[in-house]
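> okay, sequence plus prediction incoming.
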Amino acid sequence: MADQPIPVEALDSDIAILGRKGGGKTYTSKGIVENLLDMGRRVLVLDPLGVWAGLRTGADGESAGYPVAIFGGLHGDLPLDPAAAEPLARIIATENLPAVVDLSELSKGKQQAFLFAFLHELRTVNREALTIVLEEADVFAPQNPQGDDSKQLHGEIDWIARRGRFRGFRLITITQRPARLSKDVLTQCATLIAHRLPAPQDRDAVKAWVDGNGDKDKAREVFDTLAQLAVGEAWVWAPEHDLLERVRFPSIKTLDTSSTPKAGEKRIEPKTLAQVDVSAISAALNAAASRSEPSGRSKNASADVIDAERSSYERGIAAGYHSGWAAAMREASRRVVEFAGSFAIEDHGEPAEPKPAPLPKPNPKTLASRRASSAPRPSTPSNDPLLAAAHSIWPARLTWPALAAMCGRKARGGHFNTARKALIDGGHVHMDGELVTPTNPPGAPDGAIPADLLEQNLPQPAAKMFAAIRSRPGITAIGLATVLGVQPRGGHWNTGISTLRRNGLIREDGDKLFISTGLEGEHQ
């Protein structure tokens, strides 16, 4: 850690690592991740390239590296099942489980679908500090997303970048094309690490970051040298820590699987991997998957299975690497086994009417309770996620399809209809036209005002529009579109404006837009 030019304090804020292909940006980021792991920090790597498995092996390929669980890819401990996106997110959100999610064997469309479901659930559940490393960030958070899937995923990453700190998120953004990366994501980074950037448009993206974070008077030397930096050399700029330095990053301790072999050179293959027992995690994912099976084929997560998984793990991690990590992994796995047990579904022999699937027992910081007042809260049917979503966005209200989308569901089918009926018949919600209204909505925390809660919890793109109108009262629709970098037309735009109008969150005075009177409370 002493050799790393990044201040430890800077690791508690977002970092952007930029540089052309082969310039050393992934190598640099791996060194930072090694430091985080040495400090016992929670780390999650989202890897669409399949280049992060080397964390499990020493730099020589012979010794063990870090006991990081790998999901998916050629070296995965478990395959990456798209249906397991949400259960996997819940496990990572609630455990100190360093992990690599290797998306390299999925098509781009499946990568986007998996990450959307995964990140939405992750940000819903996570509460403790978690560093997310986003490789090839411009692919998932482009400046101009095309298509609904890309826009939805972009909205999740944008939320994490702009609002995720209060949920514990720190984002390390890696890209070789900063010009294509969303400016909303890039400009939120407090520390910039810039490797060689020969393209003028990419250097212009650095200038945009300087406009929001740096000192223009100090930027001239950086801009003049960005195109000539050697491999492994970079500018580190952390204005909050009064740091601007041209550095060479030290060697990493693990295998560099991201390097490009030269002609005639043989790539070092990992011969020894740090051992990670993921049997308990596999049990939890399998138990979660069984929830979606038809009732006639339901399975029990029996005590015998749980005991077997616990015994397997107790025989688990071999000695010889980071004993502190081993202890953490044992504890994580023990809790994951209990987590799996909470998904058990009883089979009574006869097909039963579908019922809302129970979620694992939440800790005190779950989505539904994060804004609970000191007054007693009404009980909810199996902690239904639809009701939790309705509570999470209050005082805004949405339609059933919109609430279902927040939970990663479709607003159709027996399972959904049964859950909706249970909420209405049980008196947990009532309908105001097409809008679902909680009967006993949560109280706001001390000092909070409705606009704060709305800005944090509205779905995209309505949240981004709401924040922009709130910060610029009287802005026109064309001005709003200009600020957001979009066109004031099309399905994405219409969805956002419709959500704000339908919920009565904005008022329109001619062509000017304002936040509805009263939402700002005493702060108005």
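Cool, the structure landed. Numbering: from 1, shown residues only.

> how about the secondary structure of V133?
Three-state call for V133 (DSSP: H, G, I helix; E, B strand; the rest coil): strand.

> now do the contacts for it.
29, 33, 43-47, 52, 172, 174 (CB atoms under 8 Å, 6 or more residues apart in numbering). Every residue, glycine included, has its C-beta placed from N, CA and C.

> and if you look at L49?
Going by CB under 8 Å, 6+ apart, the list of residues near L49 reads 104, 135-136, 258.

> return the subset of those lying in helices.
Nothing among the contacts of L49 maps onto helices, per DSSP state H.

> who wins for neighbours among those?
E135 (26 neighbours; other CB atoms under 10 Å).

> just the pLDDT for that residue.
Note on E135: pLDDT of 94.

> from L513, how far off is A481?
11 Å (CB to CB, to the nearest Å).

> more neighbours: which of the two?
Taking other CB under 10 Å, A481 and L513 do not tie; L513 has more neighbours (23 against 17).

> who does that one form a beta bridge with?
Bridge pairing for L513 (DSSP bridges) gives the partners I475, E508.

> one step back: adding distance to E95, write the contacts of L49 out as CSV.
Formatted as CSV, the contacts of L49 follow (distance: CB to CB, whole Å):
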residue, distance to E95
S104, 24
E135, 22
E136, 26
S258, 27
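
> mind picking out the helix or strand in the protein with the poorest mean pLDDT?
Using mean pLDDT, DSSP states H and E, helix 303-314 stands out as the lowest-scoring helix or strand of the chain, at a mean of 38.

> highest neighbour count among the contacts of V133?
Highest neighbour count within these: W52, with 27 neighbours (other CB under 10 Å).

> and that residue, what does it touch?
Taking CB under 8 Å, 6+ apart as the contact definition, W52 lies against 30, 45, 70, 100, 102, 133, 135, 257-258.

> again with A238
For A238, the contact set (CB under 8 Å, 6+ apart) comprises 6-7, 10, 190-192, 244.

> which SSE is the residue nearest the centre of the chain in?
Centroid-nearest residue in the chain, with CA atoms, centre = their mean: L119, separated by 3.7 Å. Per DSSP states H and E: L119 is located in helix 108-125.

> okay, now the unreliable bits of the stretch 101-250 of the chain?
212-214 (pLDDT under 70).

> what about the strands in it?
130-134, 169-175, 191-194, 233-238, 243-248 (DSSP state E, counting those that start in this stretch).

> switch those strands over to CSV; also include distance to Q146.
As requested, these are exported to CSV (distance: least, CB to CB, whole Å):
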stretch, distance to Q146
strand 130-134, 19
strand 169-175, 17
strand 191-194, 27
strand 233-238, 31
strand 243-248, 36
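
> right, so of the ones you listed, which gets closest to S471?
Smallest distance to S471 across those (CB to CB): 22.0 Å, for strand 169-175.

> how far does the closest one sit from the chain's center?
Relative to the centre of its chain, strand 169-175 is centred 10 Å away, using CA atoms, centre = their mean, to the nearest Å.

> same check on stretch 68-86?
Chain-centre distance of stretch 68-86: 16 Å, with CA atoms, centre = their mean.

> and that stretch, C-alpha only, in PDB?
Extracted as PDB, the C-alpha positions of stretch 68-86 are listed here (Å, rounded to 0.1, in the frame of the first residue of the first chain):
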ATOM      1  CA  VAL A  68     -12.300 -13.800  -4.500                       C
ATOM      2  CA  ALA A  69     -15.400 -15.500  -5.700                       C
ATOM      3  CA  ILE A  70     -15.800 -15.500  -9.500                       C
ATOM      4  CA  PHE A  71     -19.300 -15.800 -11.000                       C
ATOM      5  CA  GLY A  72     -19.300 -16.600 -14.800                       C
ATOM      6  CA  GLY A  73     -16.500 -16.700 -17.400                       C
ATOM      7  CA  LEU A  74     -13.900 -19.400 -18.100                       C
ATOM      8  CA  HIS A  75     -12.600 -19.400 -14.500                       C
ATOM      9  CA  GLY A  76     -15.900 -19.000 -12.700                       C
ATOM     10  CA  ASP A  77     -16.600 -20.900  -9.500                       C
ATOM     11  CA  LEU A  78     -20.300 -20.800 -10.600                       C
ATOM     12  CA  PRO A  79     -21.800 -20.100 -14.000                       C
ATOM     13  CA  LEU A  80     -23.600 -16.800 -14.400                       C
ATOM     14  CA  ASP A  81     -27.300 -17.700 -14.600                       C
ATOM     15  CA  PRO A  82     -29.300 -14.600 -15.700                       C
ATOM     16  CA  ALA A  83     -32.200 -15.800 -13.500                       C
ATOM     17  CA  ALA A  84     -29.900 -15.500 -10.400                       C
ATOM     18  CA  ALA A  85     -29.100 -11.800 -10.900                       C
ATOM     19  CA  GLU A  86     -31.300 -10.600  -8.000                       C
END
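
> any idea of the mean pLDDT in it?
87.

> buried set for that stretch?
Going by neighbour count (16 or more other CB atoms under 10 Å), the buried part of stretch 68-86 is 68-73, 75-78, 80, 84-86.

> and the residues you listed, which is closest to R409?
Nearest to R409 among the buried residues of stretch 68-86: E86, at 10.2 Å, using CB to CB.

> what about the closest one, helix or strand, and which?
helix 85-94.

> okay, the angle between that helix and strand 130-134?
130 degrees (axes from the mean of the first three to the mean of the last three CA atoms, to 10 degrees).

> tilt between helix 85-94 and helix 108-125?
Using the same axes, to 10 degrees: helix 85-94 against helix 108-125 is 40 degrees.

> for helix 85-94, which helices and strands make contact with it?
Packing partners of helix 85-94 (3 or more CB pairs under 8 Å, 6 or more residues apart in numbering; DSSP states H and E): helix 108-125, helix 279-290, helix 323-341.
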